[in-house]
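> Just a sequence and a predicted model for now, questions to come.
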Amino acid sequence: MAKPAISVPQILDKLESFHGCQEPCWPVEPYLFLVWWHCGYPASDAACARGWEALNREVGTSSWQLLATPVPKLARALKPGGMVPELRAMRLKEIASRIDNEFGGNLRAALTGPLKDIRKTLKKFPNIADPGADRIMLFADMAPLAAVPSNCVHVLVRILHGKERENYGVNYREAHLAIEAETQATFDSRKRAYLLLKKHGQELCKRTNPKCEMCPVNSFCAYFAGHARGSAKVAAKRSAAK
Ligand code: SF4
């Protein structure tokens with residue numbers, strides 16, 4: 001594999017100059033994150049924020065409030081967050097019930113010990129896989145993991161290596177390894193990487209039709225260079241055919 005034209009710290013500096021400093025827009029406490037994550041579907045920041053606001057206003061977010069509220073009322077509160085509110089209401093009930101019955105009402109206190117055990121516990125909750133578990137542990141200041149935003153795993157892969165792979169797990173791992181190898185293993189540094197890649201993936205480096213012309217790293221991006229070469233070949237073929 002060819003050596004990338006830019007390092008991860010240089011990418012992050014350029015993204016920060018363009019997008020500005022980023023802050024998480026979700027609750028970082030593990031239990032509250034699980035609730036927030038089910039407030040929207042599909043689970044975008046905007047959808048979750050809408051459902052979260054309505055849930056806070058109409059029900060509350062503590063486990064006892066969720067358990068005391070009938071599913072239809074919970075579903076009505078979650079409706080501003082998007083699709084399948086009834087299913088999300090049942091999931092919230094399940095989460096609240098487990099928090100009370102298995103963790104004595106305090107999930108964070110139970111998330112101790114080896115990382116693999118914490119990860120295993122988190123992944124038992126609905127809709128939490130490795131990317132979600134990494135994100136929870138990083139933003140709750142439990143472990144400075146090289147977490148990658150689950151819907152933006154392609155960003156670093158494109159910049160460093162060109163077109164992303166078909167396999168989601170391979171992209172996640174490549175992005176994870178690049179962050180791990182090239183950023184400091186501190187909470188601040190890993191959170192900054194996560195938030196900037198997320199912002200960039202949402203605003204410019206979208207999964208389809210990335211806005212490469214406006215991108216602050218386009219002159220170092222392997223994906224963009226590949227596209228430019230492809231376009232030049234097409235133009236050359238067209239002019240030869242005339
Ligand atoms: S140039 Fe295009 S593909 Fe590369 S990072 Fe920017 S938006 Fe993404």
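Here it is on my side, so go on. All figures in this text were calculated on a predicted structure; none of them were measured in a lab.
> need the helix or strand of this protein with the lowest average pLDDT.
When the helices and strands of the chain are scored by mean pLDDT, DSSP states H and E, helix 222-241 comes last with a mean of 72.
> what's stretch 87-98 in contact with?
Residues outside stretch 87-98 that contact it (Cβ atoms under 8 Å, 6 or more residues apart in numbering): 31, 34-35, 38-39, 41, 51, 63-64, 66-67, 71-72, 74-75, 78, 81, 124-127. (C-beta placed from N, C-alpha, C; glycine too.)
> Now which of these would you call buried?
Neighbour-count burial (16 or more other Cβ atoms under 10 Å) applied to those gives 31, 34-35, 38-39, 41, 51, 63, 66, 74-75, 78, 81, 125.
> Just the ones in helices from the residues you listed, please.
Mapping those onto helices (DSSP state H) picks out 31, 34-35, 51, 63, 66, 74-75, 78.
> of the residues you listed, list those near the ligand.
Among those, not one lies near the ligand by Cβ under 6 Å from any ligand atom.
> residues contacting the nearest residue to K199 once chain neighbours are set aside?
Spatial nearest neighbour of K199, excluding adjacent residues (Cβ to Cβ, 6 or more residues apart in numbering): H19 at 4.8 Å. Contact analysis of H19 by Cβ under 8 Å, 6+ apart lists 196, 199-200, 203.
> And I136, by the same measure?
Going by Cβ under 8 Å, 6+ apart, I136 touches 30, 33-34, 122, 128, 142.
> State the distance from it to the ligand.
27 Å (Cβ to the nearest ligand atom, to the nearest Å).
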